[in-house]
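S.K.: Let's see this in three dimensions:
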Amino acid sequence: MPQTGQTRTVLVTGGGQGIGAAVAEAFAAKGDRVIIWEKDGEAAAERVELIRNRGGECQVMVVDISREDEVKAGVQRLIEQGITIQVIVNNAGVSRPTPLAAPMSDWDAVVNTNLRGQYLVVKYAAPLMSRGGAIINIASTRALMSEPDWHAYAAAKGGLLALTHSLAVTLGPQGIRVNAISPGWIDVSPWQKRTNRQPVQLRDIDHAQHPAGRVGRPEDIAAACLFLASPEAGFITGANLVVDGGMTVKMIYAE
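M.R.: Take a look at the predicted model:
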């Protein structure tokens, strides 16, 4: 059952599965009302049922954040319900390599969701936020380090970090904090919708790459979101919190 306390309304984009699902469940478990925006209707329906079965308060809207018309329509529905938002977790994203030979439509698909889409969410939903609100953009350690062919993803996540501090400066006078979280290697397989759920066999060497001793879990990112949305983080804005088990700070030499 959710814990008692002051109820907030938390908008989680891409909250049907993966990291977003863990984030949605974590806020619901704290007693917050969760609104999931998710373009995969099957994943969204599964998640909202699970949260409600556990006593949480949750509603879902099918929204593709890469489409401005759908974002505007989603916000209009919130306005019609008289909803004020206290927290936005800008999590929705797509992950795929874009080699130099790939068509530009592949680049556009990644950037339009991972950067433009997150901007659209803030552009239209931030006016519904109250003072003391928090926006958390889910970036990636790929904004800080790369492997071959992930050009669009790295560029979008890097742009999202810059957008985060720009929004923090813009929205600060309105009493809204804006931060980013950069997850590292997160095993999302247990948090996929049932029809996509395939356990991943992680090796000892996979865990050993992390000074923390293991590959990350969506729950790790959810815990970071809860902190950045809390009063304890009231003096933190424009920051990027790297949650990667130390993987990006470990030097690895080829043998």
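S.K.: Flag the shaky bits of this protein, pLDDT-wise.
M.R.: Filtered on pLDDT under 70, the chain yields the residue ranges 1-5, 255.
S.K.: one more time with 80
M.R.: Residues of the chain that meet the criterion pLDDT under 80 lie in 1-6, 191-199, 254-255.
S.K.: which strand in it runs the most residues?
M.R.: Longest strand in the chain, counting residues (DSSP state E): strand 129-138.
S.K.: Pull up the pairing partners for that strand, direction included.
M.R.: As defined by DSSP bridges, the strand partners of strand 129-138 come to strand 85-90 (parallel), strand 177-183 (parallel).
S.K.: how about those in TSV, adding mean neighbour count?
M.R.: C-beta: built from backbone N, CA, C; applies to glycine. Rendered in TSV, the data for the strands paired with strand 129-138 read as follows (neighbours: other CB atoms under 10 Å):
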stretch	mean neighbour count
strand 85-90	26
strand 177-183	25
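S.K.: Would you format the ones you listed as TSV with distance to residue 251 included?
M.R.: Converted to TSV, those look like this (distance: least, CB to CB, whole Å):
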stretch	distance to residue 251
strand 85-90	32
strand 177-183	19
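S.K.: And those strands: which comes nearest residue 19?
M.R.: When those are ranked by proximity to residue 19, the top entry is strand 177-183, at 6.6 Å, counting by CB to CB.
S.K.: Just the CA trace of the helix or strand just after the closest one, in CSV.
M.R.: Sequence-wise, the next helix or strand downstream of strand 177-183 (DSSP states H and E) is helix 204-208. Extracted C-alpha coordinates of helix 204-208, given in CSV (Å, rounded to 0.1, in the frame of the first residue of the first chain):
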residue,chain,number,x,y,z
ASP,A,204,30.5,-12.1,-14.0
ILE,A,205,32.6,-9.8,-16.2
ASP,A,206,29.5,-7.6,-16.9
HIS,A,207,29.2,-7.0,-13.2
ALA,A,208,32.9,-6.6,-12.7
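S.K.: So what touches helix 204-208?
M.R.: In this structure, residues lying in contact with helix 204-208 by CB atoms under 8 Å, 6 or more residues apart in numbering are 185, 213-215.
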